[in-house]
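Visitor: Show me the folded form of this:
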Amino acid sequence: MRVLLVEDEKYLAKAVAEILKKNNYTVDMVHDGQEGLEYALSGIYDLIILDIMLPTMDGLAILQSIRKSGIEAPVILLTAKGQSEDKVKGLDYGADDYLAKPFHTNELLARLRALQRRKPELNNDGVIAYGDIQFSPHSLQLKSEAGARELKLKEAQLLELLLSSQNRVVSKQAIIDKVWGYDSEAEDNHVEIHISRLRKHLAELSSQVRINTIRGAGYTLTKDEGDS
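Guide: Got it, this is the predicted structure:
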């Protein structure tokens with residue numbers, strides 16, 4: 001899961017980012033409102049953590065802009081203690097949750113997990129089931145009746161993207177933007193290497209799930225008709 005963290009208190013932002021990374025989130029961190037809006041409008045983030053008090057552009061204005069642009073990623077607002085009016089405005093503008101500073105990182109992680117469980121492809125345990133496989137984005141574990149494999153982070157993020165895009169073709173550029181970041185220097189061969197590794201894992205698990213290459217378009221998942 002790719003998270004955008006927009007927070008101008010650099011020490012706090014760095015501490016939160018480190019905690020998120022240790023829990024298998026990929027984090028892009030910016031400290032300025034205008035830059036935060038630019039990143040958010042890329043549409044590559046699964047979740048946005050947004051401070052209200054920011055230089056150049058405040059969090060509420062960012063929130064309004066991204067919702068008007070059709071960005072539906074869940075947003076957690078970070079508010080100063082006692083900013084009840086901002087909390088109400090934030091929820092009215094389309095925020096999904098808010099957290100008053102200072103906060104415990106365990107509470108932030110719990111709120112992230114709660115928002116993740118709202119995704120339709122996830123079950124109550126946060127596991128994605130497709131065909132004969134089950135994948136946990138939290139533990140990075142891929143399972144079938146034949147066994148289990150612990151994926152590396154980029155492999156896991158790529159698989160999660162394909163699973164959440166069922167019945168749709170995902171282009172190489174979309175994979176690069178989502179998994180490596182839209183301003184990264186990753187190239188097509190990075191995608192091809194990770195697709196090859198995922199195919200190997202699926203074969204080792206005797207899975208009937210396939211990653212199909214659609215020439216000139218990208219990749220899509222399929223499963224045997226006999227699978228549920």
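Visitor: Which stretches in this structure count as strands?
Guide: When assigned using DSSP state E, the strands of the chain occupy the ranges 2-6, 26-30, 47-51, 75-80, 97-101, 128-130, 133-136, 141-144, 147-150, 210-214, 218-222.
Visitor: Out of these, the one nearest residue 12 is which?
Guide: strand 97-101 (7.6 Å; Cβ to Cβ). (C-beta placed from N, C-alpha, C; glycine too.)
Visitor: Sheet-wise, list the partners of the closest one with their directions.
Guide: Here strand 97-101 has these sheet partners by DSSP bridges: strand 75-80 (parallel).
Visitor: which of the residues in the strand it pairs with are buried?
Guide: 75-79 (16 or more other Cβ atoms under 10 Å).
Visitor: circling back: can you list the strands of the chain in TSV and add mean pLDDT and distance to residue 37?
Guide: Converted to TSV, those look like this (pLDDT from 0 to 100; distance: least, Cβ to Cβ, whole Å):
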stretch	mean pLDDT	distance to residue 37
strand 2-6	94	9
strand 26-30	92	9
strand 47-51	95	10
strand 75-80	90	12
strand 97-101	89	19
strand 128-130	89	30
strand 133-136	92	32
strand 141-144	94	36
strand 147-150	94	36
strand 210-214	94	33
strand 218-222	93	28
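Visitor: Nearest to residue 90, out of the ones you listed?
Guide: Distance to residue 90, taken as Cβ to Cβ, is lowest for strand 75-80 among the strands of the chain, at 4.5 Å.
Visitor: what does the closest one contact?
Guide: 7, 47-53, 59, 63, 66, 86-87, 90, 94-101, 103, 108, 111-112, 115 (Cβ atoms under 8 Å, 6 or more residues apart in numbering).
Visitor: In PDB, please show the C-alpha coordinates belonging to stretch 52-61.
Guide: Taking C-alpha atoms only, stretch 52-61 is exported to PDB below (Å, rounded to 0.1, in the frame of the first residue of the first chain):
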ATOM      1  CA  ILE A  52      -4.300  20.700   8.300                       C
ATOM      2  CA  MET A  53      -1.700  23.400   9.100                       C
ATOM      3  CA  LEU A  54       0.700  23.600   6.200                       C
ATOM      4  CA  PRO A  55       2.800  26.200   4.400                       C
ATOM      5  CA  THR A  56       1.600  27.600   1.000                       C
ATOM      6  CA  MET A  57      -1.700  25.700   1.100                       C
ATOM      7  CA  ASP A  58      -3.600  24.300   4.100                       C
ATOM      8  CA  GLY A  59      -4.800  20.700   4.300                       C
ATOM      9  CA  LEU A  60      -8.500  21.600   4.000                       C
ATOM     10  CA  ALA A  61      -7.900  23.300   0.700                       C
END
